[in-house]
Structures are given as C-alpha cells and as structure tokens.
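Novice: sharing a sequence plus its predicted fold:
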Amino acid sequence: MTKLSAVCVFCGSRSGENPAYAHQSETLGRMLGECGVKLVYGGGGIGLMASVANATITAGGSVLGIIPKFLRDYEVGSVEGSAEILVEGMHDRKAKMFEVSDAFVIMPGGIGTLDETIEIITWKQLQQHNKPIVFVNIDGYWDPFLALIDRVVEAGFGHHKVKELYQVVENVEQIFAALENAPDGDKDVLLSHL
C-alpha cells in the first residue's frame, strides 16, 4: 500500500455507554495527528466524531469534516480548527468521503455508521475500489455484525472471500499495521456465482 495521506473514520455521533469507545477514538485521533495523516470524518462536533477530531487537532493534525447542509443545523457545534465541506445529502457525503480518503476505519457507531460501512464494503465487493477497510472491534462491539456476515456466507448469499474485503483489529494501536497489510479485493467475491 502507498503512504497514507487521509483516513476516513466512520463513527458515532454519540459516545456510547462504554468509556473505551471515546478513549480509543481519542487515541486514534492522536495517532493520526502525530503521523501527519489527515482525518476525514462526518463533520459533527458531538460523540465519537468530536473525540477523534479534537484529538487529531490537538496532536497537530489536519481534519476534514464532510457534512450535509441539513445536518449542519442539527449537529451540536463543529470542531474548531477543522476544515469543512458542506454537501447536499447523505449520498454526496459518502461519495466525497470516498473520493478524498485512502482507507477507512470503522469505529463503534449507530445506524449511520452501519450505512457508511455497508456501502464502502459493497463498493469494494463490486470492484469499485481497493482501499483498505478496518473495523476496530472494541470489547466485541462489532461481533454481531461480523456474525451476520458469517451468516450471509453460510446461507449462500456471499462468497467466503467477502470476509477478506475488510480486516478486524481489537484496538486502534493495531490499525496502521492492518492498513499496511490489507489484502487486495478478489474478483471471486463478485463473479463466483455468475
């Protein structure tokens, strides 16, 4: 993989019940800032989004928030020191995040995070990109999602290599190694049943 210049982090606009989620988000932000890797994120000033963005800026890093105009009215503030791109809607947001990012990190989050995650994995399955995708499975947060993917494969709705479209780590300290060693997408995932 070539040198990372920008990593998109999908994460919650809430902090969640487990303090480890915010702690790991702050650690990730600090790591990105210290390594000079730009954070691309959903642009909110609340929840895990704020945790990762504020930590990146505090560590001297660059942050780009991408948020639809209608959400700007609902989000509680924005992160001081971050650049921002306002887009028309959610589809535009995901497309812009994809366009400006070299890789994707999936932290705990809600329905919006799931939406972003499913779409970026689907695009990789469809051979529309070959960018690394890494789940941070803090205290097993993503276990039910990973079990669902297993079920999709077991039920015959996905090739077994669909699980190679992403990697799973237990904490943010493992992210850069996972990104560096991410396997390329395999056309069998798309074409095996045709």
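Specialist: Perfect, thanks for sending it. Keep in mind that what you see is a predicted model, and the values were worked out from it rather than measured.
Novice: hmm, Ile57 is touching Val63, no?
Specialist: Yes: in terms of C-beta atoms under 8 Å, Ile57 counts as a neighbour of Val63; the distance is 5.7 Å. Just so you know, the C-beta spots here come from the backbone N, C-alpha and C atoms, and that holds for glycine as well.
Novice: between those two, which contacts overlap?
Specialist: Where contact means C-beta atoms under 8 Å, 6 or more residues apart in numbering, the residues bridging Ile57 and Val63 through contact with each are 79, 81-82.
Novice: from these, which one has the minimum pLDDT?
Specialist: Within the shared contacts of Ile57 and Val63, Val79 has the lowest pLDDT, namely 83.
Novice: could you pull up the residues touching that residue?
Specialist: With C-beta under 8 Å, 6+ apart as the criterion, the residues that contact Val79 are 45, 49-50, 53-54, 57, 63, 65.
Novice: ok so, going back, of Ile57 and Val63, which one has the most company?
Specialist: When Ile57 and Val63 are compared for neighbours, Val63 comes out ahead with 24 against 18, by other C-beta atoms under 10 Å.
Novice: list the contacts for the residue nearest to the more buried one when sequence neighbours are not counted?
Specialist: The spatial neighbour of Val63 that comes closest, neighbours along the chain excluded (C-beta to C-beta, 6 or more residues apart in numbering), is Ser82 at 3.8 Å. Residues in contact with Ser82, defined by C-beta under 8 Å, 6+ apart, are 43, 53, 57, 63-65.
Novice: what is the least confident helix or strand in this protein?
Specialist: helix 188-191 (a mean of 72; mean pLDDT, DSSP states H and E).
Novice: is His104 in a bridge, and if so with what?
Specialist: Rather than His, residue 104 is Phe. The residues paired with Phe104 through beta bridges, assigned by DSSP bridges, are Cys8, Ile133.
Novice: how near is it to Ala177?
Specialist: Using C-beta to C-beta, to the nearest Å, we find Phe104 at a distance of 16 Å from Ala177.
Novice: in the chain, which spans are helices?
Specialist: Under the criterion DSSP state H, the chain contains helices at 19-35, 47-58, 69-72, 90-100, 111-125, 143-154, 175-180, 188-191.
Novice: re earlier: which of Phe104 and Ala177 has more residues huddled nearby?
Specialist: In terms of neighbours (other C-beta under 10 Å), Phe104 is the more surrounded of Phe104 and Ala177; the figures are 25 against 12.
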